[in-house]
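1. Got a predicted structure here, sequence first:
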Amino acid sequence: MSAQVNDRELAVARVYAESLLALAEERDAGDRVLEELRGLVALQDRDPDLERFFSSPLVAQDARSRTIDKTLQDEVSPLVVDALQVMNGKGRLGLLRALAVAYRQALDEKRGRVDVAVTSAVPLTDSNREKLRETLARVTGRQVRLAETVDSETLGGLIVSVGDRKIDYSLASDLRRLNDQLLDRATREIHFTT
């Protein structure tokens with residue numbers, strides 16, 4: 001899902017996502033619906049005209065409704081078609097991308113999964129990756145999916161981000177803290193001697 005969604009879009013889409021997830025789980029189709037939503041977002045990524053069609057106020061609601069029925073009926077489950085029709089009826093079909101993100105978040109929450117972003121100076125070894133995953137699983141109480149990034153400016157150590165929390169165990173961070181402490185100490189000493 002290449003384009004970003006903002007917090008307002010996500011908040012609105014979350015209402016639709018949670019309803020869709022509840023219905024999907026009743027039918028044991030939670031993961032399938034997620035894949036269908038990802039497929040629709042990928043289709044929008046390949047064809048930006050489709051996203052404009054879904055979100056344009058210049059396109060009549062009934063024209064979008066007919067297009068959804070005609071083109072998606074055999075491509076996605078009736079649950080997804082119905083959700084899109086509800087969103088279209090409320091003028092919210094432009095939130096399809098946000099719906100996919102909110103649905104994935106709700107499904108992950110329900111299944112006890114969490115995405116963790118890890119930045120390191122060098123690629124993690126398989127052993128380090130597994131130890132990190134086990135440690136984070138114990139700390140979060142969830143199944144951890146790691147998204148790894150290598151950034152040589154990290155110098156050493158790790159930067160771990162879980163949701164809104166960021167834990168910086170990098171050498172670069174330690175050096176910044178040490179620099180700040182030295183500057184603070186030097187400033188105090190200058191003030192003390194004057």
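-> Cool, the structure landed. These figures come from a predicted structure and were not determined experimentally. Numbering: from 1, shown residues only.
2. contacts and neighbour counts: CA atoms only from here.
-> Fine.
3. Got the domain ranges for this structure?
-> Domain ranges of the chain: 7-109, 113-193, per automatic domain parsing.
4. which of the ones you listed has the lowest average pLDDT?
-> Lowest mean pLDDT within those: domain 113-193, at a mean of 79.
5. where do the helices sit along the chain?
-> 7-26, 30-46, 48-55, 61-72, 78-89, 96-111, 126-140, 171-193 (DSSP state H).
6. Go through those and pick out the most buried.
-> Highest mean neighbour count among the helices of the chain (mean count of other Cα atoms under 10 Å): helix 96-111, with a mean of 21.
7. would you put the C-alpha positions of that helix in PDB?
-> C-alpha atoms of helix 96-111 as PDB (Å, rounded to 0.1, in the frame of the first residue of the first chain):
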ATOM      1  CA  LEU A  96     -10.400   2.400   0.300                       C
ATOM      2  CA  ARG A  97      -6.700   2.700   1.000                       C
ATOM      3  CA  ALA A  98      -7.400   3.800   4.600                       C
ATOM      4  CA  LEU A  99      -9.900   0.900   5.000                       C
ATOM      5  CA  ALA A 100      -7.200  -1.600   4.000                       C
ATOM      6  CA  VAL A 101      -4.800  -0.100   6.600                       C
ATOM      7  CA  ALA A 102      -7.400   0.100   9.400                       C
ATOM      8  CA  TYR A 103      -8.600  -3.400   8.600                       C
ATOM      9  CA  ARG A 104      -5.100  -4.900   8.800                       C
ATOM     10  CA  GLN A 105      -4.500  -3.100  12.100                       C
ATOM     11  CA  ALA A 106      -7.800  -4.400  13.500                       C
ATOM     12  CA  LEU A 107      -7.100  -7.900  12.300                       C
ATOM     13  CA  ASP A 108      -3.600  -7.800  13.700                       C
ATOM     14  CA  GLU A 109      -4.900  -6.600  17.100                       C
ATOM     15  CA  LYS A 110      -7.500  -9.400  17.100                       C
ATOM     16  CA  ARG A 111      -4.900 -12.000  16.200                       C
END
